[in-house]
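[1] when you get a sec, could you give me coordinates for this:
(one chain, ligands or ions: 1)
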Amino acid sequence: MIRSWTGVFKCAALLAVAFFGAAGGAEAAWVNSDIADFPAGAKAPAYHDDFHRSVNHDWLSKAKIRKGEVRIDSFSERSDEVEAQIKKLFKDRSLNSHEAALVQKFHGMLRDWKSRDRLGMEPVIPYVKRIEAIKDMEGLTAYLTDSRDPHLGSQLFDIGVMADRRDATNNTVAIATTGLLLTDADEYRAKELSPYAKRRKAANDEYIVKLLQKAGYDRKQAETMNEGLFRVENKLAERAMGLKEIYSPAAQAAIYNVRTKEQLTKASANFPLTAVIDSLGYGDSREFVLMEPKWLNSLNELYRPENLEDIKSYLIIRTLLSTANLLDRETRGWAVEHGNAVMGSSGAIPDDKYAYEMVSAYLGEPLGRLYAEKYADPKTKARIEEFIAKVVGYYRNMLHGESWLSESTRNKAVTKLDNLTVRVAYPDKWEDFSALDFKDTKEGGNLVEAVAAIADFERLRDVKLVNTKVDRSKWLADPQEVNAYYSPSDNSINIPAGILGGAFYSPKGGEEELLGGIGMVIGHEITHAFDTNGSQFDENGNFVNWWTEADRKAFDKRSKKISDYFSTLEVMPGVKADGELVLSEAIADLGGLSCVTAIGRGVPGFDFSKFFKAYARLWRNRKTKEAEEQRIKEDVHPLSYLRTNVNVQQIPEFYTAFGVKPGDGMYLAPEERVALW
Ligand SMILES: [Zn+2]
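    Have a look, this model is predicted:
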């Protein structure tokens, strides 16, 4: 992935000290200009001292984070353009497809605050009451296995179809944890929550107690229920994988635990795992992949009569959290306040932007079809496809030239590259949404029921894939997304139409802008096929070791040099970057830039200074301190200013283009430079 993604609850942070006060120790070569209240100053630093800040000086001086938002960057600027186009689709009465009807109806309901305020909490109350009415463990099992109940996110595990790792042409069913409100299981296991998690928990507590009171509980009850939720989370976190483990290369093997249904039944003596799986429709799968067997032990220890009230509290609270943004103005306002407390934003985004984001979140696919049909240019798609073929050609040369690899591993890497599936702009065929519908407010419907219908539609669609072959024409991204992806399970790069604009791509730009922009994005995604995770999958997407032992050792050594270098960089006073966390994305950045630089070398009269500046513009970024701390702790992507400075530092042409010399802030001695590819 080229950009980080942040879910509603995957957020938060706190740093109690001022960042740019007198920090002790040696003066860092670069300051973290990603943070919003960094004083930009009147004068730009020299290119050779802090390239990122120098190139982006004007932009950084002027960039303002808008109300209710946590960041401004090249991605958000491009997203504004996409949003403006999509807002026209909401009003376009000439659109008459079923997809348009769904999108416009849902959008209309989101904007209908009068009806929403009239209904208040009413839409979610029946869901809460059903959980509240549970009297004993039999009742709890009956609730969880009731296939007519959409549960609104209140299950005790997650389930879904995914490609089988042994044979990626087949679908299998994966069983995973539901995730934790404080994201990282390690936080729950620590003797004491970190200041970062404490602050998030305080914001969660306040928000949850308010929601429960509005749902009819008194304050005392609400507080007790919230404590119950935390006890459940503590238990589920006890043996769950922490973020460090999830993001380590070893996780790829650790999460692949094939089980038959009988084995699952045996492994889950208390919790009716297979009965719930049956009720959800996944029961006929030939096999299952249990991602975290130890976590299942915790779930079984939890599923006992003495914990019944806590489990009910957990389910009720998750139901309320998953619907707060679909209720009345007051409840939506609390969701905004909670987001602000966690992420350091202030105020709320405008109603029309909120509605746009909600439609994108819940009906992203049908919306994507409307977007692509109206705004995606087939000529751009063709040009980018052609361009990708050129990038792949250079990448092939690069792999052939990797003398640290044995010939056999090198050849296998090239085979993997030659089998790469390339998806650009929008899919050739579209999903069928004709089976999805929900009632408008005028017909007695509401947003909660609409979202329940969408979730049910998606589950049934997923269930149909059980025991089938993987359909590789399927897209992993929506066309309007301003992002890009690599998928190891089908060895594909996915470049949606959304990212084909703004700072990333302009049809009028020169070779330098093309390579420094979308070229870099493409090179980054291709490199994911050969990063610490992707390199564990073969050309068909199977989880197979195609490396000799010596080559893997050499790979690990080169990787370690990269993560070690990142870990030396101070990103806030007293805080170093987490080199292990960002390693896979750092490898993708370095490989991507290395590849497009090689293409530039072959272009007559190529202006490297222009190229590196275009590249630095990609990563211009300002965000709240809280969002930055979250990124440092939880995000696999290096910080934006490091994505510029660290990467260009490794490229010889950068030194000549800007006259960088020993002693300059950007200088790194040749023997200290890092690269995997
Ligand atoms: Zn990436």
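[2] what's the following helix or strand after the longest helix seen in the chain?
    Determined from DSSP state H, the single longest helix within the chain is helix 378-400. The C-terminal neighbour of helix 378-400 among helices and strands, as given by DSSP states H and E, is helix 407-418.
[3] by contact count, what packs against that following helix?
    helix 378-400 (3 or more Cβ pairs under 8 Å, 6 or more residues apart in numbering; DSSP states H and E). The C-beta positions use only the backbone N, C-alpha and C, and glycine is treated the same way.
[4] got the buried residues for the helix it packs on?
    By neighbour count, with 16 or more other Cβ atoms under 10 Å as the criterion, the buried positions of helix 378-400 are 380, 381, 383, 384, 387, 388, 391, 392, 394, 395, 398, 399.
[5] neighbouring contacts of it?
    By Cβ atoms under 8 Å, 6 or more residues apart in numbering, the residues outside helix 378-400 that reach it are 410, 413-414, 417-418, 420, 422, 424-426, 493, 495, 497, 500, 505, 507, 514, 518-519, 522-523, 526, 594-596, 598-599, 602, 677.
[6] okay, and which of those residues map to helices?
    Reading helices off the contacts of helix 378-400 with DSSP H, I get 410, 413-414, 417-418, 514, 522-523, 526, 594-596, 598-599.
[7] any low-confidence regions in the stretch 1-150 of the chain?
    Along the stretch 1-150 of the chain, segments meeting pLDDT under 70 span 5-28, 39-41.
[8] for the ion, what's the nearest residue on it?
    Nearest to the ion, among the residues of the stretch 1-150 of the chain, is residue 1, at 4.3 Å (Cβ to the ion).
[9] what's around the nearest residue to that residue once chain neighbours are set aside, how many residues?
    Nearest non-adjacent residue to residue 1, counting by Cβ to Cβ, 6 or more residues apart in numbering: residue 485, 5.5 Å away. Using other Cβ atoms under 10 Å, residue 485 has 19 other residues around it.
[10] again, but for residue 48
    That count, for residue 48 with other Cβ under 10 Å as the rule, works out to 18.
[11] quick one, phi psi at it?
    When read as degrees, to the nearest 10, the backbone of residue 48 gives phi -80, psi -10.
[12] which ones are touching it?
    With Cβ under 8 Å, 6+ apart, residue 48 has these contacts: 658, 659, 660, 661, 664, 665, 666, 667.
[13] now the ones in helices among the contacts of helix 378-400: which count as buried?
    Neighbour counting over those (16+ other Cβ under 10 Å) leaves 410, 413-414, 417, 514, 522-523, 526, 594-596, 598-599 as the buried ones.
[14] so which of those residues reach the ion?
    Applying Cβ under 5 Å from the ion, the subset of those adjacent to the ion is empty.
[15] and the furthest pair within those?
    Between any two of those, the greatest separation by Cβ to Cβ is 28.2 Å, found for 410 and 514.
[16] now residue 152. Nearest residue, chain neighbours left out?
    Here the residue nearest residue 152, using Cβ to Cβ, 6+ apart, is residue 319, at 4.9 Å.
[17] look up how far residue 507 lies from residue 374.
    Distance of residue 374 to residue 507, computed by Cβ to Cβ, to the nearest Å: 18 Å.
[18] can you give me the strands in the protein?
    Using DSSP state E, the strands of the chain run over 71-73, 158-163, 171-176, 258-259, 288-290, 421-425, 485-487, 492-496, 570-572, 575-576, 621-623.
[19] highest average neighbour count across those strands?
    strand 621-623 (a mean of 27; mean count of other Cβ atoms under 10 Å).
[20] residue contacts, residue 102?
    Contacts of residue 102 (Cβ under 8 Å, 6+ apart): 363, 366, 433, 436, 437.
[21] near the ion, which residues of the stretch 1-150 of the chain?
    residue 1.
[22] could you pull out the helices for the stretch 1-150 of the chain?
    Secondary structure of the stretch 1-150 of the chain (DSSP state H, counting those that start in this stretch): helices located at 51-55, 57-62, 74-91, 98-111, 113-119, 125-132, 137-144.
[23] send me the first one as PDB with only the CA atoms.
    What follows is helix 51-55 as a C-alpha-only set of coordinates in PDB (Å, rounded to 0.1, in the frame of the first residue of the first chain):
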ATOM      1  CA  PHE A  51      15.500  18.300   1.000                       C
ATOM      2  CA  HIS A  52      11.900  17.600   1.900                       C
ATOM      3  CA  ARG A  53      11.400  20.800   3.800                       C
ATOM      4  CA  SER A  54      13.300  22.800   1.200                       C
ATOM      5  CA  VAL A  55      11.200  21.600  -1.800                       C
END
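[24] how close does the closest residue in space to residue 267 that isn't next to it in sequence get to residue 547?
    Nearest non-adjacent residue to residue 267, counting by Cβ to Cβ, 6+ apart: residue 296, 6.0 Å away. Per Cβ to Cβ, residue 296 is found 32 Å from residue 547.
[25] those two: which has the busier surroundings?
    Using other Cβ under 10 Å, the more surrounded residue of residue 296 and residue 547 is residue 296, with 22 against 19.
[26] pretty sure that one is touching residue 274, no?
    No: using Cβ atoms under 8 Å as the test, residue 296 is too far from residue 274 to be in contact (11.7 Å).
[27] the ion contacts on the stretch 551-677 of the chain?
    The stretch 551-677 of the chain has residues 585, 588 near the ion, with proximity defined as Cβ under 5 Å from the ion.
[28] give me the distance from stretch 264-278 to the chain's centre.
    30 Å (Cα atoms, centre = their mean, to the nearest Å).
[29] which of the residues in it are buried?
    Burial within stretch 264-278, assessed by neighbour count using 16+ other Cβ under 10 Å, is assigned to 264, 267, 268, 271, 272, 273, 274, 275, 276, 277.
[30] the residues you listed in helices, which ones?
    Using DSSP H, the buried residues of stretch 264-278 in helices are 264, 267, 273, 274, 275, 276, 277.
[31] and for residue 365, the neighbour number?
    Counted with other Cβ under 10 Å, residue 365 comes out at 16.
[32] next up, the contacts around it.
    Residue 365 makes contact with 431, 433, 478 under the criterion Cβ under 8 Å, 6+ apart.
[33] settle this for me: the second one is touching residue 99, isn't it.
    Yes: in this structure, residue 433 sits in contact with residue 99. The criterion is Cβ under 8 Å, and the distance is 5.6 Å.
[34] what is in contact with the two at once?
    residue 366.
[35] looking from the ion, tell me which residue of the stretch 101-250 of the chain is nearest.
    With Cβ to the ion, the shortest gap between the stretch 101-250 of the chain and the ion falls at residue 247, namely 12.5 Å.
[36] residue contacts, that residue?
    Here residue 247 is in contact with 580, 581, 584, 636 (Cβ under 8 Å, 6+ apart).
[37] surely the second one and residue 636 touch.
    Yes: here residue 581 reaches residue 636: they are 6.0 Å apart, a contact under Cβ under 8 Å.
[38] what about residue 605, neighbour count?
    Neighbour count of residue 605, defined by other Cβ under 10 Å: 5.
[39] who touches it in this structure?
    Listed by Cβ under 8 Å, 6+ apart, residue 605 has no contact partners.
[40] next one: it from residue 517, what distance?
    For residue 605, the distance to residue 517 - Cβ to Cβ - is 19 Å.
[41] before we move on, what about residue 373?
    Between residue 373 and residue 517 the computed distance is 25 Å (Cβ to Cβ).
[42] how about residue 310, nearest residue that isn't a chain neighbour?
    That would be residue 228: by Cβ to Cβ, 6+ apart, it lies 3.7 Å from residue 310.
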